[in-house]
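predicted model and sequence below, questions to follow.
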Amino acid sequence: MEKLIITAAICGAEVTKEHNPAVPYTTAEIAREAKAAHEAGASIIHLHVREDDGSPTQSKQRFALAMDAIRAAAPHVIIQPSTGGAVGMSDAERLQPLSLHPEMATLDCGTLNFGGGEIFTNSEDTVIQFASNMQRLGIKPELEVFDRGMIQMVHRLQEMSLLEGTPHFNLVLGTLFGMPAGIADLLYLVDSLPRPSTFTTTGIGRNAFTTACASILLGGHVRVGFEDNVYLAKGVLARSNGELVDKVVRLAKELGREIASPQETRMILGLQREQP
Ligand code: KMH
Ligand code: ZN
């Protein structure tokens, strides 16, 4: 089977130090967590940034600082900024990190109820606009799918010739009102993907490691990190993103998958260029 790509979602936009004191806010903390995750085996860092007080931002300047600090701490790692940002941000705000020409970025493929009054809004027009910006800039989108219908949006993007190469998905399981995290749910999503595709899988909260195992066995890839889950095991907070990645590496070894380096990840995903 292909080597395993591990993505570390080190920071997120919603999780706070109240959930886990190791959640990074400052540039230095973000670089520390990226380095720990990379040294444990992550080849992609999925990146959100914060103000020093922890409030989420999509500021280009803040992303530039974080990306420079990550490159200094973990020179070869692939940096994948979020264009999802936080609930309530405008499209223009969310698009800012693309102007820094990352190799990859997330492309959220539909709207999702986040609970209470919170709605993560991604209209068809928004998704198309984000996809065309990424195509123009040569940035590989990771297609974020939270429910089955969002794969239909990817078909639309393919019909419009807005995607280059083999599409790469992140199947996010176990959000409040999105796709649940059962094995049958994952199988259904994987079976629904366009062929060929590559996919990584994210299990939210307590689903993190069961979902990781299922994805490893199916030939998919794995995302873990504080954005999605702050626990190493039931009731045990992870001390760093590195601990979460390390657990995936142990599971992968037991299940017979080797871990992909950043350069191997670039080959698997068909990334066009390495960053300076
Ligand atoms: N924070 C969520 C509203 C992404 O990074 O593209 C959006 C999110 C998805 O985290
Ligand atoms: Zn994210």
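Arrived safely. Ligands and ions are numbered 1, 2, ... in the order given.

now stretch 149-159: buried residues?
Judged by neighbour count using 16 or more other C-beta atoms under 10 Å, the buried positions of stretch 149-159 are 150, 151, 153, 154, 157. For every residue, glycine as well, the C-beta is placed using N, CA and C.

tell me if that stretch is near ligand 1.
No: Stretch 149-159 lies out of reach of ligand 1 by C-beta under 6 Å from any ligand atom, never closer than 11.9 Å.

chain center to that stretch, what's the gap?
Remark: stretch 149-159 is offset 19 Å from the chain centroid, using C-alpha atoms, centre = their mean, to the nearest Å.

closest to the centroid, which residue in this structure?
residue 46 (4.7 Å; C-alpha atoms, centre = their mean).

put together TSV for the buried residues of stretch 149-159, with secondary structure on each row.
Output for the buried residues of stretch 149-159, formatted as TSV (DSSP: H, G, I helix; E, B strand; the rest coil):
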residue	secondary structure
150	helix
151	helix
153	helix
154	helix
157	helix
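
the residue of the stretch 1-150 of the chain found nearest ligand 1 and residue 142, how far apart?
Relative to ligand 1, the nearest point of the stretch 1-150 of the chain is residue 84 (2.6 Å; C-beta to the nearest ligand atom). For residue 84, the distance to residue 142 equals 11 Å [C-beta to C-beta, to the nearest Å].

what of residue 158?
Taken as C-beta to C-beta, the span from residue 158 to residue 142 is 15 Å.

what does residue 134 give?
For residue 134 relative to residue 142 (C-beta to C-beta), the value is 10 Å.

doesn't residue 155 make contact with residue 167?
No: with contact defined as C-beta atoms under 8 Å, residue 167 does not reach residue 155; the gap is 10.0 Å.
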